[in-house]
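*Asks:* missing the sequence, but the structure's below:
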């Protein structure tokens, strides 16, 4: 069986490359009229991607893809790797080539880099908050539409782990699945149906909201049980009762203020939607070198 924590390949996939094209079309449209009007076509320039805060870098491959799409003559030289912790004043990369291309691609490149670095930065904070415990920080599907593979890469750059990429990648029976089934034995029925109809290589995970439901999920043979919005004392009892029969994932409204106590209950995984849906952007700018 596959581990519920997944790893996805680093190279940009076709979806990410298509997103780059879409973002450029959105920003440039029929042409960067300001740049075309003011900058000679043969003008060359260099610039630095300057970090104006402290955080973790993610998205340098996307910056390269943006400029490759704008003008293949642009050279992007990375000075740090994705996943690197940086301080104010760090230079993440340099760009060199036709000035028009540098200017036209600037905002799109920064939009990706700032937001992905923000995700990596917040993830690193959560990972550090549970250091020394068994808990692993994992992501959710609460991602920006179209940016899932990029944001999941940013999670890894921050030291976190990936859960499902999409609905086809894992079995997670949630509250609304159980509500749709509707019977008193819905947990057992759902887990049994998943075992019978889904690929046998996938682990079966089921969400529960009480210790009674946990017992039902364990009896039915769930491989992973998601403890939804439980207080820490109930989570600790869930860990004791499970006794290694399944992996336990904590989820629901988790913040930096609460995550340490949750990790200390002994759960295996902690999923945090805020890593992707609420991460602030890391301040990064493109500074042209004067000539």
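*Replies:* Looks like it arrived, so ask away. This is a predicted model, so every value here is computed, not measured.
*Asks:* shaky segments in this structure?
*Replies:* Residue ranges of the chain with pLDDT under 70: 1-10, 291.
*Asks:* what domains does the record give for it?
*Replies:* 14-120+280-288, 127-277 (automatic domain parsing).
*Asks:* Turn those into CSV, including mean neighbour count.
*Replies:* C-beta here means a position set from N, CA and C on the backbone, and glycine is covered the same way. Output for those, formatted as CSV (neighbours: other C-beta atoms under 10 Å):
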stretch, mean neighbour count
domain 14-120+280-288, 18
domain 127-277, 18
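*Asks:* Where do the strands of the stretch 151-291 of the chain begin and end?
*Replies:* Secondary structure of the stretch 151-291 of the chain (DSSP state E, counting those that start in this stretch): strands located at 171-173, 204-208, 224-228, 247-251, 269-271, 284-288.
*Asks:* so which of those strands comes closest to residue 189?
*Replies:* Closest of the strands of the stretch 151-291 of the chain to residue 189 is strand 171-173, at 10.0 Å (criterion: C-beta to C-beta).
*Asks:* what about the helices in this structure?
*Replies:* Applying DSSP state H to the chain gives helices spanning 14-28, 33-38, 60-70, 99-129, 148-157, 175-181, 186-197, 211-220, 232-242, 259-263, 274-277.
*Asks:* I'd like the strands of the stretch 151-291 of the chain laid out as TSV, including distance to residue 261.
*Replies:* Below are the strands of the stretch 151-291 of the chain laid out as TSV (distance: least, C-beta to C-beta, whole Å):
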stretch	distance to residue 261
strand 171-173	24
strand 204-208	20
strand 224-228	14
strand 247-251	10
strand 269-271	11
strand 284-288	33
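*Asks:* Kindly state which of these is positioned closest to residue 156.
*Replies:* Nearest of the strands of the stretch 151-291 of the chain (C-beta to C-beta): strand 269-271, 14.8 Å.
*Asks:* Return the list of helices and strands in contact with that closest one.
*Replies:* Judged by 3 or more C-beta pairs under 8 Å, 6 or more residues apart in numbering; DSSP states H and E, strand 269-271 is in contact with strand 136-138, strand 247-251, helix 259-263.
*Asks:* now those as CSV including distance to residue 91?
*Replies:* Converted to CSV, the helices and strands packed on strand 269-271 look like this (distance: least, C-beta to C-beta, whole Å):
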stretch, distance to residue 91
strand 136-138, 29
strand 247-251, 38
helix 259-263, 32
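*Asks:* what's the closest of these to residue 87?
*Replies:* strand 136-138 (22.7 Å).
*Asks:* can you give me the offset of the closest one from its chain's centre?
*Replies:* From the chain centre to the centre of strand 136-138 is a distance of 11 Å (C-alpha atoms, centre = their mean, to the nearest Å).
*Asks:* Now tell me what touches that strand from outside.
*Replies:* Outside of strand 136-138, the residues within contact range by C-beta atoms under 8 Å, 6 or more residues apart in numbering are 5, 123, 126-127, 130, 155, 159-163, 249, 268-272, 275.
*Asks:* just stretch 70-78 next, same as before
*Replies:* In contact with stretch 70-78 (C-beta under 8 Å, 6+ apart) are residues 24, 60, 63-64, 67-68, 92-98, 100-102, 104-105.
*Asks:* make it 10 Å
*Replies:* 20, 24, 28, 32, 44-46, 49, 57, 60-61, 63-68, 84, 91-98, 100-106, 108-109 (C-beta atoms under 10 Å, 6 or more residues apart in numbering).
*Asks:* Stretch 167-182 now?
*Replies:* By C-beta under 10 Å, 6+ apart, stretch 167-182 touches 2, 4, 6, 8, 141, 162-164, 186-191, 193-195, 197-199, 202-209, 213, 217, 222-224, 226, 228, 249, 251.
*Asks:* Next, the distance between the ends of it.
*Replies:* Across stretch 167-182, the terminal residues are separated by 22 Å (C-alpha to C-alpha, to the nearest Å).
*Asks:* likewise stretch 132-139?
*Replies:* End-to-end for stretch 132-139, by C-alpha to C-alpha: 20 Å.
*Asks:* And it, how far out from the chain middle?
*Replies:* Using C-alpha atoms, centre = their mean, the offset of stretch 132-139 from its chain centre is 15 Å.
*Asks:* can you offset everything so residue one is 32?
*Replies:* Okay, residue one is now 32; in that scheme the one you just asked about reads as stretch 163-170.
*Asks:* Tell me how far the residue lying closest to residue 252 once chain neighbours are set aside lies from residue 109.
*Replies:* Spatially, and ignoring its direct neighbours in sequence, residue 252 is nearest to residue 222 (6.2 Å; C-beta to C-beta, 6 or more residues apart in numbering). Shown here: residue 222 relative to residue 109, a distance of 46 Å by C-beta to C-beta, to the nearest Å.
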